[in-house]
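*Asks:* coords please:
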Amino acid sequence: MISPDGPVAADILRRAMVARIATVSRTGRPHVNPLYFVYGKGRIYLGTVDRTLAALNIKANPRVTILFNVEREPNDARVLRIHGDATVRTDTKLYRWYVVHDVWKYFVSRRGFANTLAHARLLPLVRRFVTSGEKGVECVIEVRPDVAELLAAANRLNPS
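*Replies:* Take a look at the predicted model:
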């Protein structure tokens with residue numbers, strides 16, 4: 001176990017681009033969903049709409065597990081697993097805060113801008129995906145981490 005707000009966790013959260021959040025339905029069925037995220041104020045924030053399975057499951061059972069790894073650095077085999085309680089938040093002030101930080105992380109920052117340029121040909125697909133998605137109220141899933149674990153992923157450069 002490591003501290004969810006310690007330097008190792010903070011380093012991975014700063015460099016990871018995708019969160020894989022696991023939720024459980026009312027009937028006990030697990031669901032894993034990759035989402036963009038922002039880390040700040042000691043919390044993890046994930047953007048979605050209130051009608052997605054992730055949001056609906058959290059309303060039924062707030063316990064979640066999230067996996068993070070640094071996708072763009074193949075030599076970094078660390079995987080951060082965080083357990084915590086989640087809340088689906090629809091307040092406008094928090095949603096605006098999330099969008100500003102999300103846009104900065106994924107489009108304006110040096111890494112985000114480089115990633116956007118490298119994948120510019122995919123932007124029409126992203127737009128179509130976003131506009132065809134689940135309709136509902138835009139919301140933020142706020143996760144309060146209580147336990148963090150550092151795992152080792154399989155060697156991504158030499159799988160032998």
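
*Asks:* What is the least confident helix or strand in this protein?
*Replies:* helix 123-132 (a mean of 70; mean pLDDT, DSSP states H and E).

*Asks:* okay, whichever helix or strand comes after it in PDB with CA atoms only?
*Replies:* For helix 123-132, the following helix or strand on the C-terminal side (DSSP states H and E) is strand 138-152. The C-alpha coordinates for strand 138-152 follow below in PDB (Å, rounded to 0.1, in the frame of the first residue of the first chain):
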ATOM      1  CA  GLU A 138     -23.300  16.500 -18.000                       C
ATOM      2  CA  CYS A 139     -21.700  15.500 -14.700                       C
ATOM      3  CA  VAL A 140     -18.400  14.900 -12.900                       C
ATOM      4  CA  ILE A 141     -17.700  11.700 -11.000                       C
ATOM      5  CA  GLU A 142     -15.700  12.800  -7.900                       C
ATOM      6  CA  VAL A 143     -13.700  10.100  -6.300                       C
ATOM      7  CA  ARG A 144     -12.300  10.400  -2.800                       C
ATOM      8  CA  PRO A 145      -9.300   8.000  -2.700                       C
ATOM      9  CA  ASP A 146      -8.800   6.100   0.500                       C
ATOM     10  CA  VAL A 147      -6.400   3.300  -0.500                       C
ATOM     11  CA  ALA A 148      -3.700   3.100  -3.200                       C
ATOM     12  CA  GLU A 149      -1.600   0.200  -4.400                       C
ATOM     13  CA  LEU A 150       1.300   0.200  -6.800                       C
ATOM     14  CA  LEU A 151       1.300  -2.800  -9.100                       C
ATOM     15  CA  ALA A 152       3.700  -3.900 -11.800                       C
END
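
*Asks:* and strand 138-152, what does it pack onto?
*Replies:* The helices and strands touching strand 138-152, judged by 3 or more CB pairs under 8 Å, 6 or more residues apart in numbering; DSSP states H and E, are helix 7-15, strand 43-49, helix 53-60, strand 78-89, helix 92-103. C-beta coordinates here come from the backbone N, C-alpha and C atoms, glycine included.

*Asks:* Return the residues in contact with A153.
*Replies:* 69, 77-79 (CB atoms under 8 Å, 6 or more residues apart in numbering).

*Asks:* try 6 Å
*Replies:* By CB atoms under 6 Å, 6 or more residues apart in numbering, the residues touching A153 are 77, 79.

*Asks:* which residues pair with the residue positioned nearest the centre of the chain across the strands?
*Replies:* Nearest to the mean C-alpha position of the chain, counting by CA atoms, centre = their mean, stands A19 at 2.9 Å. Beta bridges link A19 to L35, judged by DSSP bridges.
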